[in-house]
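Colleague: test case, fold it:
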Amino acid sequence: MTQIYPEPLEGAEVLTPHDDYTDNGFEMFSNPPSMWPSFLVGQRDKPVRTIVIDDDIHFVNVLLQELALDERIQVVGRALNFKDGKRLVRSADFDVLIIDLNLTDRSGDQLLELATAQKPGSHAIVCTAADQEQLVRQAFDLGASGYLLKHSWFGNYAQSILQVANGGAAITPHLVKRLLRRAEPAPDADLSIVTVPRVSAEQLSSREREVLRMVANGNTSAQIAAHLQISHMTVNTHIRNTYRKLQVRSRAQAVQSAMVRGLI
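Modeller: Predicted structure coming up:
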């Protein structure tokens, strides 16, 4: 069943006008991150539009209840199977897709590719019980910006949505360690026969490496622009250049590729 919500879900806690803003342009919220800069995506008057595709109705209900508590996020639709999910991706206007690729009636890989193709400005977070490294890499190859394990991330889904909506990446912490350990060569490995294409540090400019390091530390494009005193557009240009040079399609892939090659 497909459901599209024209209005925000009920249950958000509304702060009093006195508490809405601080003097330095940060809006205050009751849930973390409680201080939210006005220049970031996700504000009370323009929340991050989110859709959910998952056949686990219990998980979906818990997830929707959690997201309803954050005024920066608006759930605009949900689907419980592949067929309805395909219709939802095509019909809904959304910024972030949360999807389990292991749907009972069909794999959700095609839906992730469809979202990437039809809604190029959107972001996707895979939320699943499967924690195999190959599935994590596959999800990022398909264009996902996040990979979260179910039932180990409750209380943090809203933060993950805000993170990817602002150009960042979200991944369950212990998966990051496993991916990085897997990327390291064995102590007795003969590195002379490694066939993975190498990208030299010289192929990435110093500014591109600096931007990638800040992306790896969880900074959004707006935060990077403010720190480096350059425009938001310039930051995105640097990031697109790294995509091309590293032959990747997402920030998470760029960071992972750069780490493996020792560029950041």
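
Colleague: give me every residue that touches Ala124.
Modeller: By Cβ atoms under 8 Å, 6 or more residues apart in numbering, the residues touching Ala124 are 96-99, 112, 115-116, 143-146, 164. (Each C-beta comes from the backbone N, C-alpha and C, glycine too.)

Colleague: meant to ask about Gly121
Modeller: Asp95.

Colleague: same thing but at 10 Å, please
Modeller: 94-95 (Cβ atoms under 10 Å, 6 or more residues apart in numbering).

Colleague: what kind of secondary structure is it in?
Modeller: Three-state call for Gly121 (DSSP: H, G, I helix; E, B strand; the rest coil): coil.

Colleague: that one and Asn236, how far apart?
Modeller: Separation of Gly121 from Asn236 (Cβ to Cβ, to the nearest Å): 12 Å.

Colleague: so which of the contacts of Ala124 is surrounded by the most neighbours?
Modeller: Most neighbours among those, by other Cβ atoms under 10 Å: Leu97, with 30 neighbours.

Colleague: and it, how far from Thr116?
Modeller: The gap separating Leu97 from Thr116 is 9 Å, by Cβ to Cβ.

Colleague: shared neighbours, the two?
Modeller: Shared contacts of Leu97 and Thr116, counting by Cβ under 10 Å, 6+ apart, come down to 89, 122-124, 144.

Colleague: could I get those as CSV with pLDDT and distance to Leu103?
Modeller: Below are the shared contacts of Leu97 and Thr116 laid out as CSV (pLDDT from 0 to 100; distance: Cβ to Cβ, whole Å):
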residue, pLDDT, distance to Leu103
Val89, 95, 13
Ser122, 91, 19
His123, 92, 20
Ala124, 94, 14
Ala144, 89, 15
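
Colleague: in this structure Leu63 contacts Val75, no?
Modeller: Yes: using Cβ atoms under 10 Å, Leu63 is in contact with Val75, at 8.8 Å.

Colleague: what touches both of the two?
Modeller: In terms of Cβ under 10 Å, 6+ apart, Leu63 and Val75 are both contacted by the residues 50, 52, 98.

Colleague: so which of the residues you listed are in strands?
Modeller: Under the assignment DSSP state E, those contribute 50, 52, 98 to strands.

Colleague: got the contact list for the first one?
Modeller: When contacts are counted by Cβ under 10 Å, 6+ apart, Thr50 is found next to 5, 63-64, 67, 73-78, 92, 94-98, 122-123, 125, 157-158, 161, 165.

Colleague: cool, Ala165 as well?
Modeller: 40-42, 47-50, 72-73, 95-96, 122-123, 125, 145, 220.

Colleague: looking at those, which are in strands?
Modeller: 48-50, 73, 96, 123, 125.

Colleague: got JSON lines for the shared contacts of Leu63 and Val75, with pLDDT and distance to Val215 too?
Modeller: Output for the shared contacts of Leu63 and Val75, formatted as JSON lines (pLDDT from 0 to 100; distance: Cβ to Cβ, whole Å):
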{"residue": "Thr50", "pLDDT": "98", "distance to Val215": "22"}
{"residue": "Val52", "pLDDT": "97", "distance to Val215": "26"}
{"residue": "Ile98", "pLDDT": "97", "distance to Val215": "21"}
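
Colleague: and the helices in the stretch 151-264 of the chain?
Modeller: With helices called from DSSP state H, counting those that start in this stretch, the stretch 151-264 of the chain shows them at 157-165, 173-183, 206-216, 221-228, 232-246, 251-260.

Colleague: which of the ones you listed has the lowest mean pLDDT?
Modeller: Ranked by mean pLDDT, those bottom out at helix 173-183, with a mean of 69.
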